[in-house]
Structures are given as structure tokens and as C-alpha cells.
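Q: any chance you could fold what I've pasted below:
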Amino acid sequence: MMSNKKLPDVLVDNLLIIGTGLIGGSFAKGLKDRKLVGKVVGYGRNQSNLKKGIEAGVIDEAAENLEEAMQAADIIFLSVPTLAVKSYIKLIEQQKKPSAVVTDAASVKGEIIEGIRSELGEVPDWFVAGHPIAGSEKSGILASNGDLYVDHKVILTPLENTSSDAQKIIEALWVSLGAEVVSMPVGVHDEVLAATSHLPHLLAFALVDCLQGLDSHDDIFRFAAGGFRDFTRIAASDPVMWHDIMTGNKHAILKQLNAFKETIQTLETAISNENSDAILDCFERASLVRKRLDIKQ
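A: Sure thing, here's the model as predicted:
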């Protein structure tokens, strides 16, 4: 189901961001810039980062007591690494006000859903699993961008018991930030993201790590051109976050990686055998598909 209809402006009296990095910070800043939130409270382990967020106007205050912050929040936005989401969910269930809605931004939904089930026995109707398809290799609250989500997709993966009212609230917030909201099943999300995001990040990390291990790595990086920099830009992303993604979505990632290895093996054989037709066919197919993607965008 896709929704890009015009929704009424919503005002969140009290927003709690758990994990004030780029994604959570940009969510908060976007709402503040549009005057859609009364107060933004940030929680994280890095007090220096939180102080910078207050000075930059991304958050209004830092939560000194997480339980009290949860009790006051109308919306709780979990913007922490995939494997950390479930560590907060039991406390949230115990402390949140009955009307509060909780959502997340993790790149792997199956791991999140199963983690919540393991903690609570079931996924509560007030939890709306989500994933904004936007980001940057930059991290930290000072990288927050109030327009980060404009013209980007946000995928929600509601379950059968997800409250329709809770889903509408989260959908309205994302739409207000300029995003296009799409709903899809959890498994479909993880398969799609494994191919379009997780595998490319894996390849970028692996390529840079491979090259830095070569004796000639100084010259390689010194003379790296724009294509290399564009392709490997995402290797500067947060290692902890991407470690969790690789672990949390391992089955879908391995499936896509095996398909990629088959293509690499085909190209290796074609190059070794000087099979120009096979090489050209592969490159022409890829070039055509990539150009079509630009047209769609």
C-alpha cells in the first residue's frame, strides 16, 4: 500500500528520540523546523553529543532520567542500531503512557520484530516498525538535516495487530517531513533492502578493506578518481550500525551475495577467456538498467 496523500499537519507535544544520531536528529530537526513538535527530548550515551544537539537546536533537552522521559513522551522514536532496539522495548512497555506511539528506523525489520517478540511475547499494537530510505555517510547529531527525508521513501512494515491509529500518526509525521510512505511485509522489506542497500555497503567496505591491505595502497588511494570515491563513499558509514545490519539480516544478505558472486564468476571467466561478447553484454545490460533508474527518479 502506498500513501502520498496530503495529510493534515500534526503537532507532537513531546517527542523522545532514543539515539540522537543523523537519522533521529534529522527526524527531530525536520519537525522542529516545520513547527510540528512542542518539545524534543534526546537520549543517548554520549553526553557531549547531546549537549551539541541542544546548542544546535536539534533537541530541546537531554533526558537525565530515561524512565521519566518515556512517561512524558507522546511519540518515542528509536533510532539505535538494529540489535539494540529490543534492549529498550521492555522498559518502554513498562513506562510509556497508554496513548504513546513507538516507532523505529532500523534497516532490518525481521530482527526487530523477533527481538520484540522474544522480550514481550508479542509485538504490541502501539509499535509501528519503520525504515526511512535516506541517510548519509556522516554521523552524529551535528549532521542532522531537517530536509533529509524530503522526496525520499519511508517503508512501514505493520503487522496484522498494529493499531491503525498508531500507523496513521507515524505516517502523518513522515509525510509532514516530505517523505513518501510505503507499506510492505516484513520479509519483503528485508529482501529488498538486502539487495539495494546492505549488499552495496558490504561491497564498499570489503573493497576499501581489501585495497588498504595491499602493499601499494598509498599509491592506490592517492590516485583514486571520482568513480572510486563515489562507489566507496558509503564505506565511511557507521561501522557499528552496519555490523548490526549484516548480523540481523544475514540470510537475505547471503542470498544476494551468492547471486552477486555468480555474476562475478561469470565475468571472471569471460575476461580470462577474452570473451568480449559476454563482457559487453553484461556491461550493456547493466548500463541500460542504470539509465532507466535515473529516468524513473
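Q: got the end-to-end distance for stretch 123-140?
A: Distance across stretch 123-140, first residue to last, is 30 Å (C-alpha to C-alpha, to the nearest Å).
Q: also stretch 130-142?
A: 23 Å.
Q: for it, what is the average pLDDT?
A: Averaged across stretch 130-142, pLDDT comes to 85.
Q: make residue 1 into 624 and carry on from there
A: Sure thing, new numbering starts at 624, so read that last one as stretch 753-765.
Q: and stretch 644-658, how far from the chain's centre?
A: Between the centre of stretch 644-658 and the centre of its chain there are 15 Å (C-alpha atoms, centre = their mean, to the nearest Å).
Q: residues of it that come out buried?
A: Going by neighbour count (16 or more other C-beta atoms under 10 Å), the buried part of stretch 644-658 is 644-655. Bear in mind the C-beta positions are built from the backbone N, C-alpha and C, glycine included.
Q: ditto for stretch 781-791
A: Per 16+ other C-beta under 10 Å, stretch 781-791 contains these buried residues: 781, 785, 789-790.
Q: re earlier: out of the buried residues of stretch 644-658, list just those in helices.
A: Among the buried residues of stretch 644-658, DSSP state H puts 645-655 in helices.
Q: distance to Leu743 and pLDDT added to those residues, as JSON lines?
A: Output for these, formatted as JSON lines (distance: C-beta to C-beta, whole Å; pLDDT from 0 to 100):
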{"residue": "Leu645", "distance to Leu743": "28", "pLDDT": "92"}
{"residue": "Ile646", "distance to Leu743": "24", "pLDDT": "94"}
{"residue": "Gly647", "distance to Leu743": "22", "pLDDT": "95"}
{"residue": "Gly648", "distance to Leu743": "28", "pLDDT": "95"}
{"residue": "Ser649", "distance to Leu743": "29", "pLDDT": "96"}
{"residue": "Phe650", "distance to Leu743": "24", "pLDDT": "97"}
{"residue": "Ala651", "distance to Leu743": "26", "pLDDT": "96"}
{"residue": "Lys652", "distance to Leu743": "31", "pLDDT": "96"}
{"residue": "Gly653", "distance to Leu743": "30", "pLDDT": "96"}
{"residue": "Leu654", "distance to Leu743": "28", "pLDDT": "96"}
{"residue": "Lys655", "distance to Leu743": "31", "pLDDT": "95"}
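Q: my read: Val751 touches Lys791, true?
A: No - judged on C-beta atoms under 8 Å, Val751 makes no contact with Lys791 at a distance of 9.4 Å.
Q: quick one: which of the ones in helices among the buried residues of stretch 644-658 is nearest His821?
A: Ile646 (16.0 Å; C-beta to C-beta).
Q: that closest one and Thr780, how far apart?
A: Distance, Ile646 to Thr780, using C-beta to C-beta, to the nearest Å: 17 Å.
Q: kindly report the same for Thr870.
A: The gap separating Thr870 from Thr780 is 19 Å, by C-beta to C-beta.
Q: could you dump the ones in helices among the buried residues of stretch 644-658 into CSV with distance to Gly676 added?
A: Formatted as CSV, those follow (distance: C-beta to C-beta, whole Å):
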residue, distance to Gly676
Leu645, 11
Ile646, 13
Gly647, 10
Gly648, 6
Ser649, 11
Phe650, 12
Ala651, 8
Lys652, 9
Gly653, 14
Leu654, 14
Lys655, 11
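Q: list just the nearest of those to Leu689.
A: Taking C-beta to C-beta as the measure, Leu689 lies nearest Gly647 of these, at 14.5 Å.
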